[in-house]
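Asks: Predicted model and sequence below, questions to follow.
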Amino acid sequence: MATIIAGRFAQQEEVQHAIAALQQAGAPAAQITSFYVNPPGQHDLYPVGGDRDESPGAEDVDKGSAAGIGAGGVAGAAAGAPAGPLGAIVGGLVGAHVGSLFGSLSQTDEDKDIPPIRQAGMLVAVSVSTPDEERRAIDVLRQAGGTCLERAQGQIVEGDWGDFDPLSTPEFIGEKA
């Protein structure tokens, strides 16, 4: 594995300029790559689409739903009982449904620490071998207009970053612009 320095660019002209500047600074063409990163949620990693099997913060929703079904069903049945057996059944079903919704929502963790995500855009990346090459790559990408510079581990072979994972947590360099 090698260290890879990457930056996001908005326009194709900026990408071409950044690649030329990296080559001019001594980076071999085979160690430079550029490609488009899709917006979060649109990487089609599952047959039905999407990036994740379950949303972050939704791990305990099933438990909340089950508890809500039980509590809502009992409360609904009790509320519908004065209307007779059919009222108790309908009240129990409606109560279970409403309880399921409230139970699910009560277990959604909105404050969960969600790691930073990589934004959509053109990414220019270069493999570096030494701290001097890393500093030079960072400077060149910044001067070329790169934003959201990040450091990663991987391999760029013949201009292809084959082990790039769009869902990996980016390690931003300095301030995320």
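Replies: Cool, got the structure. Numbers count the residues shown, from 1 in each chain.

Asks: residues touching the closest residue to Gly95 other than its chain neighbours, list them.
Replies: If the residues on either side of it in the chain are set aside, Gly95 comes closest to Gly76, at 1.9 Å by CB to CB, 6 or more residues apart in numbering. From N, CA and C alone the C-beta is placed, and that goes for glycine too. Contacts were defined as CB atoms under 8 Å, 6 or more residues apart in numbering; by that measure Gly76 touches 91-96, 98-99.

Asks: Quick check: most distant residue from the centroid of the protein.
Replies: Going by CA atoms, centre = their mean, the residue of the chain most distant from its centre is Gly84, 51.3 Å out.

Asks: what residue ranges in the chain are flagged as low confidence?
Replies: Segments of the chain classed as low confidence (criterion: pLDDT under 70) are 41-61, 64, 104-114, 175-177.

Asks: what ranges do the strands span in it?
Replies: Counting by DSSP state E, the chain has these strands, from start to end: 2-9, 32-37, 121-128, 147-154, 156-157, 160-161, 171-172.

Asks: Quick check: buried residues in the fourth one?
Replies: When you say that, I think you mean strand 147-154. Of the residues in strand 147-154, those buried under the neighbour-count criterion (16 or more other CB atoms under 10 Å) are 147-152, 154.

Asks: tilt between it and strand 121-128?
Replies: When axes from the mean of the first three to the mean of the last three CA atoms, to 10 degrees is applied, the directions of strand 147-154 and strand 121-128 differ by 50 degrees.

Asks: Check which helices and strands strand 147-154 sits against.
Replies: strand 2-9, strand 121-128, helix 131-143, strand 171-172 (3 or more CB pairs under 8 Å, 6 or more residues apart in numbering; DSSP states H and E).

Asks: Show me how far it is from its chain's centre.
Replies: Averaging C-alpha positions (CA atoms, centre = their mean, to the nearest Å) puts strand 147-154 15 Å from its chain's average.

Asks: For the nearest residue to Asn38 once chain neighbours are set aside, what are phi and psi?
Replies: The spatially closest residue to Asn38, leaving aside those adjacent along the chain, is Ala120, at 6.0 Å (CB to CB, 6+ apart). In terms of degrees, to the nearest 10, the main-chain angles of Ala120 are phi -70, psi 150.

Asks: Can you report how many residues lie near Ala120?
Replies: Each residue near Ala120 was counted by other CB atoms under 10 Å, and the total is 14.

Asks: residues in contact with it?
Replies: Here Ala120 is in contact with 36-40 (criterion: CB under 8 Å, 6+ apart).

Asks: rerun at 10 Å
Replies: Residues in contact with Ala120 (CB atoms under 10 Å, 6 or more residues apart in numbering) are 8, 36-40, 42, 166.

Asks: swap in Gly91?
Replies: By CB under 10 Å, 6+ apart, the contact set of Gly91 is 72-83.
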